[in-house]
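Chemist: okay, predicted coordinates and the sequence, questions at the end:
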Amino acid sequence: MNFCRLISLLFTALLAVAEPILAAQWTPSLSTIIQGANKEGKLKLMWGEGTLGGTKGAAKFETMMNKMFGTNIKISFTPGAAMPQMGSQIAAEYAAGQSAASDVYIGADSYLAPLVKHKLFHEIDWPRLLPGRITSEMVEGGRTSLRVYTGLPGIPYNTRRTPNGEAPKSLKDMLKPQWKGKIASTPYVTSLNILAAKEMWGKEAALEYVRQLSKQVVGLIRCNEIERVASGEFLAFVMDCSGSQTFEAQAHGAPVEHVIPVDGAMIRHRMLTVPKNAEHPNAAKLFTAFMLTKEAQKQLWDSDFSDMYMFPESQMGQRVRGAEKQGAKFFVPTVDWVAANPEIDAISEEMVKIMTQK
């Protein structure tokens, strides 16, 4: 037997034992999904370029997932619409008996609540796939929705131009005279609507705050326009969506800081779900579970400056614990909470009118 033939036989033998060795690391439930995902061989993903790293993120996650699970799944990523529009598209496709444009849907609690109500997603025992890593506290919406990363709405401000050198600590600080005419908000009252929850301020106090804040605000911007705070066009922004844009700007040297207001601390989540009309459901389930691994969470922080706060190594978790030491008590709206409090939608509309029609 020549040398090349011997090497070829040895390589074949190694491949034959590699799959059982890899499979032995995983639970029977996950091993079954791995096998099904490998047979499917593909995964379709569609969401905005600013989510989960977009095109580059999908390519990195493909390599990492295949290496971890010994699979050979090709991820096809297509930039898509915003989360609400993608949810509506998948719902329309399901109603028409068509395959979902994306095998995985990512959305926030407010977007997911009506979709979960209409039973558009598979119910999955997520903790059985990665026990000790995925816990029941990470699952929402009747076992359909798995938290993938955390948002910490707060107050980004320009550290070089803070009025009187006083950094804000609370939402009520932003009503002080020195901030008038120097701050921005969003036209869609991001997270300010959640202040109306009975677990926080209640409807009347929240509405009155927005009335007072609108008199302080000089401009309305989107959450991804943090550079307008860094440049000094606005000295602060009340409130942002998640903090991640500020953390990214900080990493690039921008003079901005992010404050979690002690009187308005909340934790928001983006969650992954598998539509019932997913073309590659096993690959979708495997990808979703993979996104909760330590390796994927680290990559998520590198690409999106977000991760899931419930893990001990989490960057967001460090910020949550730091804010708690300063006296913050966090409220965590869930898919079920949104479904049980439909009045928040009407309050949101009222707040938007106050903020945009002043």
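Modeler: Yep, it's here.

Chemist: when you work out contacts or count neighbours from here on, use the C-alpha atoms and nothing else.
Modeler: OK.

Chemist: quick one, helices of this structure?
Modeler: 3-23, 28-40, 54-69, 83-95, 109-117, 126-129, 203-216, 227-230, 244-251, 281-290, 294-304, 315-325, 335-340, 343-356 (DSSP state H).

Chemist: out of the ones you listed, indicate the one that is most buried.
Modeler: helix 281-290 (a mean of 24; mean count of other CA atoms under 10 Å).

Chemist: report the angle between that helix and helix 294-304.
Modeler: 80 degrees (axes from the mean of the first three to the mean of the last three CA atoms, to 10 degrees).

Chemist: correct me, but Thr273 touches Val104?
Modeler: Yes - in this structure, Thr273 is within contact of Val104 by CA atoms under 8 Å, at 5.7 Å.

Chemist: picking up where we left off before, the helices of the chain: which one's closest to Ile183?
Modeler: When the helices of the chain are compared by CA to CA, helix 203-216 sits nearest Ile183, at 6.8 Å.

Chemist: ok, and what's touching that closest one?
Modeler: 174-175, 179-183, 192-193, 195-197, 347, 351, 354-355, 358 (CA atoms under 8 Å, 6 or more residues apart in numbering).

Chemist: again, only using 6 Å
Modeler: Lys180, Gly181, Leu195, Ala196, Met355 (CA atoms under 6 Å, 6 or more residues apart in numbering).

Chemist: also stretch 50-63?
Modeler: Outside stretch 50-63, the residues touching it (CA under 6 Å, 6+ apart) are Ser303.

Chemist: what about 8 Å?
Modeler: 47-49, 73-75, 77-79, 296, 300, 303-304.

Chemist: domain ranges for this structure?
Modeler: 3-147+273-301, 155-266+328-356 (automatic domain parsing).

Chemist: rank the helices and strands of the chain by mean pLDDT and give me the bottom one.
Modeler: Least confident helix or strand, the chain: helix 3-23 with a mean of 47, by mean pLDDT, DSSP states H and E.

Chemist: which one is Met65 nearest to, not counting chain neighbours?
Modeler: Nearest residue to Met65 in three dimensions, chain neighbours excluded: Phe290, at 6.7 Å (CA to CA, 6 or more residues apart in numbering).

Chemist: state the distance from the one you found to Phe69.
Modeler: 9 Å (CA to CA, to the nearest Å).

Chemist: circling back to that earlier point, would you list the domains of the chain in CSV and tack on distance to Glu313?
Modeler: Output for the domains of the chain, formatted as CSV (distance: least, CA to CA, whole Å):
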stretch, distance to Glu313
domain 3-147+273-301, 8
domain 155-266+328-356, 17
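
Chemist: hey, least reliable of the ones you listed by pLDDT?
Modeler: Ranked by mean pLDDT, those bottom out at domain 3-147+273-301, which scores a mean of 90.

Chemist: quick one: it to chain centroid distance?
Modeler: In terms of CA atoms, centre = their mean, to the nearest Å, the centre of domain 3-147+273-301 is found 15 Å from the chain centre.

Chemist: now the strands for the stretch 151-300 of the chain?
Modeler: 155-158, 183-185, 217-220, 236-237, 256-259, 268-273 (DSSP state E, counting those that start in this stretch).

Chemist: ok now the fourth one, how far from the chain's centre?
Modeler: When you say that, I think you mean strand 236-237. On CA atoms, centre = their mean, the centre of strand 236-237 falls 22 Å from that of its chain.

Chemist: number the residues from 685 up from this point.
Modeler: With the count now opening at 685, the last piece we talked about shows up as strand 920-921.

Chemist: other residues contacting it?
Modeler: Ile839, Pro840, Tyr841, Asn842, Lys866, Ile867, Ala868, Ser869, Val913.

Chemist: just the buried ones among these, please.
Modeler: Applying 16 or more other CA atoms under 10 Å to those, the neighbour count classes Ile839, Pro840, Tyr841, Asn842, Lys866, Ile867, Ala868, Ser869, Val913 as buried.
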